[in-house]
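Asker: model the structure of this input:
(one chain, ligands or ions: 1)
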Amino acid sequence: MRTSGDLTRFNTLGLNATANHLVTVSTLVELDKALHEAVVSEPIEVLGGGSNVVLQPVIEGTLLHVAIKGRELRADDGRVAVVCVGAGETWHDFVVWCHHRGLNGLANLALIPGSVGAAPIQNIGAYGVEVAQWIRAVHVTNRYSGERLQLSRDACEFGYRDSIFKHEAGAHWIVTAVEFALDRQAVVQASYPSLRARLSDAPLSHDAVLAAVMAIRRERLPDPVVTPNVGSFFKNPLMSQDDADVLARHQPGLPIFPASEGLVKVSAGWLIDRLDWRGVERNGVKVSDDHALVLIGCGATSATPWLALADDIAKSVESAFGVALELEPRVMGCTAESAKS
Ligand code: EPU
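Answerer: This is a model prediction of the structure:
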């Protein structure tokens, strides 16, 4: 379906933005048609659940809203099941669907807002688990040539909140489906500090982890259906263990978490919190009272105040601790002034 589109209800910040051509695609055939009809000289952007984007007022060219549904069991050896899921499925619904079938691995990722198709792009992660470890392949379509491919997990080059899809080498791919290999005998992952504390003496099980993760998230992270937010507004900065040790010597208590490739993550929320940002409100955007890494909307309808507050926070962290913060959500589009007439 092709429309000239108001995107207010397509992004969880509720920002006012317009796409020149908004096309919702529910099948691969519709996707091919939309790509064929897109103007060659104009950009083609993709939107999933809109839960991790900051939209500028104008999205030029064609914006594809990928709503491809479907969950299909592709293989099952009695222990590991391979499930292929449409990019437009809701992430949390899929997690619960797997859990009820005893297909384990994803419980720690419950209640993350957004679509299945967005999960590999930013390699969603929470409470000690990243989605990459359960992904077998990602089905993609080239937005310019229409070519289709299945990328193996290795080919996706997953990292902390990162994948090939966020870089030039993979930016042309549109995710249409994701294949997961889920293990009925997966080990329960309960070592993340706040999760372990919540589980206390309860017997470890995937059921208990699912319930605990949902409870922690509901307490600490605002529901985007009720309160405009995109979860964490910054990534946790990656650094060498040595650099983190030096920082922690000056900042006792700084939480440090393992990451890949010999690096560690330090807690951006903790650093921001030390500078007393919690509760600060400016121009309709506020630092959450419950979590310093989360910004919430209280009236702002454009990207400008969100990015201005984020910029002030990042500058203060840089100046106090010498640590550069990177935005976690993607900023899409441009201002009305810079849009091509
Ligand atoms: N902390 C503070 N003050 C705060 C917030 C946090 O001191 O205001 C401290 C906490 O006490 C804790 C540490 O910072 O010791 C880490 O906090 P938390 O467990 O909430 O995790 P996080 O590193 O802030 C990351 C993810 C979240 C994910 C949680 C749980 C990123 C950017 N964020 O946050 O993901 O839910 O871990 O695993 O990696 C998201 O990506 O949108 C998101 C919400």
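Asker: from here on, just use CA atoms for contacts and neighbour counts.
Answerer: Fine.
Asker: low-confidence ranges, the stretch 1-150 of the chain, go.
Answerer: When residues are selected by pLDDT under 70, those of the stretch 1-150 of the chain lie in 1-4.
Asker: where do the helices sit along it?
Answerer: Ranges of helices within the stretch 1-150 of the chain are 28-37, 91-100, 118-121, based on DSSP state H, counting those that start in this stretch.
Asker: how about those helices, which one is nearest the ligand?
Answerer: helix 118-121 (10.7 Å; Cα to the nearest ligand atom).
Asker: can you show me the CA trace of that closest one as CSV?
Answerer: Taking Å, rounded to 0.1, in the frame of the first residue of the first chain, the C-alpha atoms of helix 118-121 are listed here in CSV:
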residue,chain,number,x,y,z
ALA,A,118,15.2,-5.0,13.7
ALA,A,119,16.6,-7.5,16.1
PRO,A,120,19.7,-8.5,14.1
ILE,A,121,20.3,-5.0,12.8
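Asker: make a markdown table out of the helices of the stretch 1-150 of the chain and add distance to residue 135 and mean neighbour count.
Answerer: Output for the helices of the stretch 1-150 of the chain, formatted as a markdown table (distance: least, Cα to Cα, whole Å; neighbours: other Cα atoms under 10 Å):
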| stretch | distance to residue 135 | mean neighbour count |
| --- | --- | --- |
| helix 28-37 | 21 | 16 |
| helix 91-100 | 13 | 18 |
| helix 118-121 | 8 | 24 |
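Asker: distance to the ligand added to those, as a markdown table?
Answerer: Formatted as a markdown table, the helices of the stretch 1-150 of the chain follow (distance: least, Cα to the nearest ligand atom, whole Å):
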| stretch | distance to the ligand |
| --- | --- |
| helix 28-37 | 28 |
| helix 91-100 | 13 |
| helix 118-121 | 11 |
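Asker: save those helices as TSV, and put in distance to residue 148 too.
Answerer: As requested, the helices of the stretch 1-150 of the chain are exported to TSV (distance: least, Cα to Cα, whole Å):
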stretch	distance to residue 148
helix 28-37	10
helix 91-100	23
helix 118-121	17
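Asker: residue 14 is nearest to which of those?
Answerer: Residue 14 sits nearest to helix 118-121 of all the helices of the stretch 1-150 of the chain, at 18.5 Å, using Cα to Cα.
Asker: who in the stretch 201-341 of the chain is up against the ligand?
Answerer: For the stretch 201-341 of the chain, the contact set with the ligand under Cα under 6 Å from any ligand atom comprises 231-232, 234-236, 255, 267, 269-270, 273, 291-293.
Asker: return the subset of those residues lying in helices.
Answerer: Among these, the members falling in helices (DSSP state H) are 269-270, 273.
Asker: how's this protein carved up into domains?
Answerer: Partitioning the chain according to automatic domain parsing yields domains covering residues 2-66, 71-183, 238-332.
Asker: end to end, how far does the last one reach?
Answerer: This points to domain 238-332. Chord length of domain 238-332, first to last residue, is 24 Å (Cα to Cα, to the nearest Å).
Asker: dump the domains of the chain to CSV, plus distance to residue 203.
Answerer: Below are the domains of the chain laid out as CSV (distance: least, Cα to Cα, whole Å):
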stretch, distance to residue 203
domain 2-66, 34
domain 71-183, 15
domain 238-332, 25
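Asker: for residue 335, which non-adjacent residue is spatially closest?
Answerer: Counting by Cα to Cα, 6 or more residues apart in numbering, residue 335 lies nearest to residue 57, which is 5.5 Å off, once chain neighbours are set aside.
Asker: neighbours around that neighbour, how many?
Answerer: When neighbours are counted by other Cα atoms under 10 Å, residue 57 registers 24.
Asker: I'd like to know how far it sits from the ligand.
Answerer: Plainly put, residue 57 is 23 Å away from the ligand if you go by Cα to the nearest ligand atom, to the nearest Å.
Asker: do residue 262 as well
Answerer: From residue 262 across to the ligand, the span is 17 Å (Cα to the nearest ligand atom).
Asker: next one: phi and psi at the nearest residue to that residue once chain neighbours are set aside?
Answerer: Leaving aside its sequence neighbours, residue 262 sits nearest to residue 240 (Cα to Cα, 6+ apart; 6.9 Å). Main-chain torsions, residue 240, degrees, to the nearest 10: phi -70, psi 160.
Asker: measure residue 240 to residue 260 for me?
Answerer: As judged by Cα to Cα, residue 240 and residue 260 stand 11 Å apart.
Asker: near the ligand, which residues of the stretch 51-200 of the chain are found?
Answerer: Taking Cα under 6 Å from any ligand atom, the part of the stretch 51-200 of the chain that reaches the ligand is made up of 126-127.
Asker: quick revisit: residue 240 and residue 260: which has the busier surroundings?
Answerer: The neighbour count for residue 240 versus residue 260, taken as other Cα under 10 Å, is higher for residue 240 (14 against 11).
Asker: enumerate every residue touching residue 184.
Answerer: By Cα atoms under 8 Å, 6 or more residues apart in numbering, the contact list for residue 184 reads 79-81, 102-104.
Asker: thought residue 300 was touching residue 282?
Answerer: No - using Cα atoms under 8 Å, residue 300 is not in contact with residue 282; the gap is 9.3 Å.
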